[in-house]
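Novice: Here is a sequence together with a model predicted from it:
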Amino acid sequence: MSTSASRRSFFKQTAVLSAAGMILPACASTPPKQAQIPDRLRILFQGDSITDANRDRSSIQSNDFLKGMGNGYALLAASNLLIDYPTTDWHTYNRGVSGDKVFQLSDRWEKDCLDLQPDVLSIHIGVNDFWHTLTHGYEGTVETYEKDFLKLLRKNPIQLPQRSSLLLESLLSCSVERLY
């Protein structure tokens, strides 16, 4: 590397770091926006291993941060919500099951979703719908995934018409309209 290229790289990195040094304190001093949160809220994290994250499936009570939430995004999200809104009566549940595909989530939908009557539902599923075609002989396709996922979601507004939020997060993109 020539001296001029090395010097150019040094100045470029210095400029970026200087800009970041000016921006970061401004970001830190800006108070976060507080959303209007109901006094009582039931949140369900649902999906496959991304959600399961080694949770203890024998724990079925809400807010079981030691066993029932696992050690992944559900635990982090629930913990952050508890910290950010300490006066809210939270009831958080993790019902992710490692290895599940959409049709398997659909098979347990009544017990692991509808019976809990969540106000907020977060779904992370789709990895196994693809991965198992490569490793376990599953014959699903993107079309199968999309059809099964939409069919599953259509169960929700019929059974839970008063629920206000639905967070859809999945590995494979799927065009989903607002269901209610």
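Specialist: Alright, I've got the coordinates.

Novice: For the chain, which segments count as strands?
Specialist: For the chain, the strands defined by DSSP state E cover 40-47, 89-94, 120-125, 167-170.

Novice: Any idea which of those gets closest to Lys101?
Specialist: For Lys101, the closest of the strands of the chain is strand 120-125, at 7.5 Å, according to C-beta to C-beta. Heads up, the C-betas are built off the backbone N, CA and C, glycines and all.

Novice: Buried residues, the closest one. List them.
Specialist: Under the neighbour-count criterion of 16 or more other C-beta atoms under 10 Å, strand 120-125 has 120-125 buried.

Novice: Pretty sure Ile60 sits against His91.
Specialist: No: Ile60 is beyond contact range of His91, at 12.0 Å (criterion: C-beta atoms under 8 Å).

Novice: Which of these two has more residues huddled nearby?
Specialist: Higher neighbour count among Ile60 and His91: His91, with 18 against 13, using other C-beta atoms under 10 Å.

Novice: Report the contact partners of the closest residue to Arg40 other than its chain neighbours.
Specialist: Once flanking residues are discounted, Arg40 sits nearest to Asp89: 4.3 Å by C-beta to C-beta, 6 or more residues apart in numbering. Applying C-beta atoms under 8 Å, 6 or more residues apart in numbering to Asp89 gives the contacts 39-41.
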